[in-house]
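Novice: with the input below, show me the fold.
(one chain, ligands or ions: 1)
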Amino acid sequence: MRWPGILEYFAEYLPLTGKTPLITLQEGNTPLIASSSLLKKAGVGGLFFKFEGMNPTGSFKDRGMVVAIAKAKEEGKEVVMCASTGNTSASAAAYARRAGLSCVVLIPQGKIALGKLSQALMHGARVLAVQGNFDQALQVVRFITSHYPVALVNSLNPHRIEGQKTASFEVVEWLGRVPDFLALPVGNAGNITAYWRGFKELFELKKISVLPKMLGFQAAGACPLVLGKPVENPHTVATAIRIGNPASWKGAVAAKEESGGLIDAVTDEEILEAQRMLAEEEGIFVEPASAASVAGVLKKAREGFFRGNEIVVCVLTGHGLKDPDIAVKQCEGRIEEVGASVEEVVRVLGF
Ligand code: F0G
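Specialist: Got it, this is the predicted structure:
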């Protein structure tokens with residue numbers, strides 16, 4: 001069967017009307033990959049990766065963006081706008097073009113991964129590099145979208161959350177049960193809010209009878225939810241989650257408290273190590289921010305947090321090709337130069 005995309009497949013769970021244009025790039029339906037090697041390190045009963053990097057623009061943002069853009073189009077908007085650490089801008093630019101809308105993105109100057117920037121540019125968005133961080137860019141976007149006829153497509157737009165919650169439906173459907181723990185990276189906190197809403201909705205509809213515990217992980221240099229107060233100058237190698245004052249702060253705290261889960265921090269070293277382990281041991285290439293979920297689960301495992309029989313799902317939010325610079329930098333010195341002859345290659349390989 002052809003996968004119809006989020007709007008059609010999950011129509012009954014989404015705020016659609018007869019007038020909502022059913023745009024799609026066939027987002028959603030992403031793999032839930034069973035861990036082989038990292039399962040042993042985590043010491044749990046089952047470890048699965050929800051690889052959201054397999055969405056059309058390479059991140060989970062497409063699930064919510066398709067809903068937000070369809071609703072903007074339905075409402076007669078012509079321009080959409082967002083602040084972004086990169087992935088939201090890539091997704092907004094692609095879906096805006098799909099729907100025939102113009103797109104303006106505000107990105108923190110010099111702090112966005114190359115792959116994401118290339119996407120926003122290629123899809124024809126107006127790209128404004130702001131001399132400031134994401135939090136400052138979002139403030140500007142919030143003001144402009146509430147004073148001008150421009151649709152806000154950050155996750156403050158409730159349609160974004162509605163679309164993103166569908167990932168939790170897929171986890172339950174493909175796993176055949178509710179995981180004990182759902183781990184994910186947290187930046188602006190829209191995604192943890194969305195997953196929790198999705199699980200709760202299934203519970204209220206009596207489609208599931210238990211709820212998972214939510215495990216959110218922030219980068220140590222950008223962990224306002226762990227500190228309990230905004231961080232003025234957030235810093236981390238995981239630029240996607242370099243956010244000091246998450247817009248969905250309350251949603252994240254509710255997800256943590258209602259589920260009996262936690263929000264913790266992982267260092268840049270732990271993030272990069274998890275990124276390398278995913279690539280080298282599991283064959284899965286994710287961007288640094290996405291590895292925060294795995295880094296967090298491994299940290300908790302070291303602390304003796306798990307009993308040993310739990311089913312854990314780690315959300316891998318974005319594809320590794322988003323941030324080639326960090327990836328190549330980590331592997332510096334790995335490229336071996338060799339002459340263009342059989343003898344040379346055989347010699348170097350030691351055959
Ligand atoms: N992982 C990736 C790859 C992201 O791009 C983001 C957020 C997150 C995790 C965190 O999700 O914000 O819902 O808590 N990226 C946003 C952006 C901020 O602009 O692309 P969140």
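Novice: for the ligand, what are the nearby residues on this structure?
Specialist: For the chain, the residues in contact with the ligand (C-beta under 6 Å from any ligand atom) are 59, 61, 84-88, 155, 185-191, 240-241, 287, 289-290, 317-318. For glycine as for every other residue, the C-beta is placed from the backbone atoms N, C-alpha and C.
Novice: not counting stretch 201-213 itself, show me its contacts.
Specialist: 13, 165, 168-169, 172, 178-182, 199-200, 259-262, 313 (C-beta atoms under 8 Å, 6 or more residues apart in numbering).
Novice: sorry, wrong one. I was asking about stretch 15-24.
Specialist: 4-8, 66-67, 69-71, 73-74, 95, 98-99, 159, 162.
Novice: and if we set it to 7 Å?
Specialist: The contact list for stretch 15-24, computed with C-beta atoms under 7 Å, 6 or more residues apart in numbering, reads 4-5, 7-8, 66, 69-71, 73-74, 95, 98-99, 159, 162.
Novice: over to stretch 158-175?
Specialist: So stretch 158-175 is contacted by 6, 10, 13-15, 28-30, 32, 48, 50, 52, 60, 63-68, 71, 153, 155, 178-179, 190-191, 193-195, 197-199, 201-202, 208, 313 (C-beta under 7 Å, 6+ apart).
Novice: cool, stretch 43-52 as well?
Specialist: 30-35, 38-39, 59-60, 167, 171, 175, 284, 301, 306, 308-318.
Novice: distance between that stretch and the chain's centre?
Specialist: Remark: stretch 43-52 is offset 16 Å from the chain centroid, using C-alpha atoms, centre = their mean, to the nearest Å.
Novice: same question, stretch 159-176
Specialist: So, by C-alpha atoms, centre = their mean, the centroid of stretch 159-176 is 13 Å from its chain's centroid.
Novice: start to end distance for that stretch?
Specialist: Chord length of stretch 159-176, first to last residue, is 27 Å (C-alpha to C-alpha, to the nearest Å).
Novice: cool, and stretch 225-245?
Specialist: Using C-alpha to C-alpha, the end-to-end distance of stretch 225-245 comes to 9 Å.
Novice: so for the helix or strand hosting G198, mean pLDDT?
Specialist: Counting by DSSP states H and E, the element that carries G198 is helix 190-204. The average of the pLDDT scores along helix 190-204 is 98.
Novice: give me the buried positions along that helix.
Specialist: Buried positions in helix 190-204, judged by neighbour count with 16 or more other C-beta atoms under 10 Å: 190-202.
Novice: got the CA coordinates for that helix in CSV?
Specialist: Backbone C-alpha positions of helix 190-204 (Å, rounded to 0.1, in the frame of the first residue of the first chain) are rendered in CSV as follows:
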residue,chain,number,x,y,z
GLY,A,190,7.6,21.0,21.6
ASN,A,191,8.3,17.4,20.8
ILE,A,192,8.2,16.0,24.4
THR,A,193,4.9,17.9,24.7
ALA,A,194,3.6,16.3,21.5
TYR,A,195,4.6,12.7,22.3
TRP,A,196,3.0,13.0,25.8
ARG,A,197,-0.2,14.4,24.2
GLY,A,198,-0.2,11.5,21.8
PHE,A,199,0.1,8.8,24.4
LYS,A,200,-2.5,10.5,26.7
GLU,A,201,-4.9,10.7,23.8
LEU,A,202,-4.6,7.0,23.1
PHE,A,203,-5.1,6.3,26.8
GLU,A,204,-8.2,8.5,26.9
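Novice: just after it, pick out the following helix or strand.
Specialist: Reading on from helix 190-204 to the C-terminus, the next helix or strand found by DSSP H and E is strand 213-219.
Novice: who's the spatially closest residue to S146 that is not a sequence neighbour bridged to?
Specialist: Residue nearest to S146 in three dimensions, not counting chain neighbours: L152, with 7.7 Å by C-beta to C-beta, 6 or more residues apart in numbering. Note on L152: beta-bridge partners M81, judged by DSSP bridges.
Novice: okay, helices next: where are they in the stretch 101-250 of the chain?
Specialist: With helices called from DSSP state H, counting those that start in this stretch, the stretch 101-250 of the chain shows them at 114-122, 134-147, 158-164, 166-175, 190-204, 224-227, 249-259.
Novice: just the ones you listed: most buried one?
Specialist: Mean neighbour count (mean count of other C-beta atoms under 10 Å) peaks for helix 158-164 among those, with a mean of 25.
Novice: distance from the chain centre to it, please.
Specialist: Worked out by C-alpha atoms, centre = their mean, helix 158-164 lies 13 Å from the chain centre.
Novice: before we move on, the earlier item: the residue nearest to S146 and L39: what is the separation?
Specialist: Separation of L152 from L39 (C-beta to C-beta, to the nearest Å) stands at 41 Å.
Novice: which of the two has more neighbours?
Specialist: Between L152 and L39, counted using other C-beta atoms under 10 Å, the more crowded position is L152 (21 against 16).
Novice: ok, now which ones touch that one?
Specialist: Contacts for L152 (C-beta under 7 Å, 6+ apart) come out as 81, 141-142, 145.
Novice: and for K41?
Specialist: 298, 301.
Novice: measure it to S341 for me?
Specialist: 42 Å.
Novice: related to what we said a few turns ago, what is the nearest of the contacts of stretch 15-24 to G228?
Specialist: Lowest distance from G228 to these (C-beta to C-beta) belongs to E162, with 28.4 Å.
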